[in-house]
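Peer 1: the sequence isn't on hand, but the structure is:
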């Protein structure tokens with residue numbers, strides 16, 4: 001039960017991080033979509049690169065949150081890189097070369113579930129920013 005509780009707390013912390021970043025991305029994208037777009041292909045590329053770049057930074061922050069939790073709880077075997085372990089779990093890569101210590105085995109799958117949900121959320125936001133940008137790409141302002 002403590003694994004579920006602590007894993008849930010870390011997941012909720014990551015959801016909070018993601019929510020703040022998503023609000024900033026969406027707000028900034030809405031503002032950027034109103035800018036002058038004489039060279040619309042460059043503008044579109046800039047908006048998308050900025051959106052994806054910020055989301056990648058958010059995901060790294062979320063992996064670092066899992067890393068901190070793993071380090072504090074002493075989840076990985078001695079000598080193991082907790083950041084590597086967190087990335088492998090969060091991205092669902094799952095090499096399997098490092099496994100959590102006995103008593104903390106549910107945290108890996110919980111991190112994977114958290115990562116999948118947050119990657120899906122990011123994908124939805126990327127798609128929405130692109131959709132809005134394409135709607136407003138016409139320099140005459142017509143949708």
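Peer 2: Perfect, I can see it now. None of the values given here were measured: they were computed from a predicted structure.
Peer 1: any idea how far the residue nearest the centre of the chain is from residue 18?
Peer 2: To find the centre residue of the chain, average its C-alpha atoms and take the closest one (C-alpha atoms, centre = their mean): that gives residue 59, at 3.1 Å. Counting by C-beta to C-beta, to the nearest Å, the gap between residue 59 and residue 18 amounts to 8 Å. The C-beta positions use only the backbone N, C-alpha and C, and glycine is treated the same way.
Peer 1: list residues touching both of those two?
Peer 2: 118, 122 (C-beta atoms under 8 Å, 6 or more residues apart in numbering).
Peer 1: what is the mean pLDDT for the lengthiest helix in the chain?
Peer 2: The helix of greatest length in the chain, counted in residues with DSSP state H as the criterion, is given as helix 40-73. Regarding helix 40-73, the rounded mean pLDDT is 92.
Peer 1: which other helices and strands contact that helix?
Peer 2: helix 2-32, helix 82-90, helix 107-135 (3 or more C-beta pairs under 8 Å, 6 or more residues apart in numbering; DSSP states H and E).
Peer 1: returning to that earlier point: for the residue nearest to the centre of the chain, what are its contacts?
Peer 2: Here residue 59 is in contact with 90, 115, 118, 119, 122 (C-beta under 8 Å, 6+ apart).
Peer 1: scan the residues you listed and report the most crowded one.
Peer 2: Neighbours here mean other C-beta atoms under 10 Å. Within these, the largest count is held by residue 90, at 26 neighbours.
Peer 1: wait, isn't it in contact with residue 113?
Peer 2: No. Taking C-beta atoms under 8 Å as the definition, residue 90 is not a contact partner of residue 113, at 9.8 Å.
Peer 1: state the distance from residue 22 to residue 83.
Peer 2: According to C-beta to C-beta, residue 22 stands 24 Å off from residue 83.
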